[in-house]
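Peer 1: Attaching a predicted model along with its sequence, questions to come.
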Amino acid sequence: FLDYDGTLSPIVQDPDRAVMTEEMRDAVRGVAQHFPTAIVSGRCRDKVFSFVKLEELYYAGSHGMDIKGPTKVSNHKAKADEVLCQPATEFLPVIQEVHEKLTAKMESIPGAMVENNKFCLSVHFRCVEEAEWDALGRDVKAVLDDYPKLCLTKGRKVLEVRPSIEWNKGHALKFLLKSLGEFLHGTSQLS
Ligand SMILES: O=P(O)(O)OC[C@H]1O[C@H](O[C@H]2O[C@H](CO)[C@@H](O)[C@H](O)[C@H]2O)[C@H](O)[C@@H](O)[C@@H]1O
């Protein structure tokens, strides 16, 4: 199980430019030849895949709320494409709505950026003047006041908006371990 930002790629100012090196890609590819390998990230699953570009991996995006198995089958993942878990689909419309509100609100704060991670949102303040951080936090909280089913957590120079459900990266790990155990022992019930 691997994180992406700050693990497979360096932390950079622009989240859209957090590419991984070819050397790192080769290392992950090598690991995946021997072990089922998953990337577990706060980012949107498609975005992580666009950076990593390895079809033989499991990907858990949106802080574990969007899990999918490999699209390329290899010997230790015979039924891997059956793995799919999205426990927060009902939140998609509300996340979209809050994305629009936050994007509009952040326009007045130079350097602020809202990233749509499908089932979650990230409000980045790495490029915001420190004197503005408190105001930014207040603005984000003010928007969320109208959405009691969403919660706010803090990462590295980022505020993360998530559905308030009992599901996180830890649950994603357990889900994948269980799925893999079932695949490896040939008793998969997932479809
Ligand atoms: O839970 P993670 O997988 O660690 O995701 C947390 C956030 O990671 C990304 O942001 C971080 O990396 C960016 C690129 O290096 C950096 O600019 C930012 O300041 C960091 O917080 C990602 O862009 C976010 O959506 C994730 O929430």
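Peer 2: Happy to help now that I have it.
Peer 1: Tell me, how many residues neighbour the closest residue to the ligand within the chain?
Peer 2: Across the chain, the shortest distance to the ligand (Cβ to the nearest ligand atom) belongs to residue 42, at 3.0 Å. For the C-beta atoms, the positions are set from N, CA and C on the backbone; glycine is no exception. Other residues within reach of residue 42, judged by other Cβ atoms under 10 Å, total 23.
Peer 1: who in this protein is up against the ligand?
Peer 2: Applying Cβ under 6 Å from any ligand atom, we find that the chain lies next to the ligand at 3-5, 11-13, 15, 18, 41-43, 115, 117, 122, 124, 126, 155-158, 160.
Peer 1: domains of the protein?
Peer 2: Using the TED database, the domains assigned to the chain come out as 2-87+167-187, 89-163.
Peer 1: For the shortest one, measure first residue to last.
Peer 2: End-to-end span of domain 89-163 (Cα to Cα, to the nearest Å): 10 Å.
Peer 1: before we move on, the earlier item: put together CSV for the domains of the chain, with mean pLDDT on each row.
Peer 2: Below are these laid out as CSV (pLDDT from 0 to 100):
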stretch, mean pLDDT
domain 2-87+167-187, 90
domain 89-163, 98
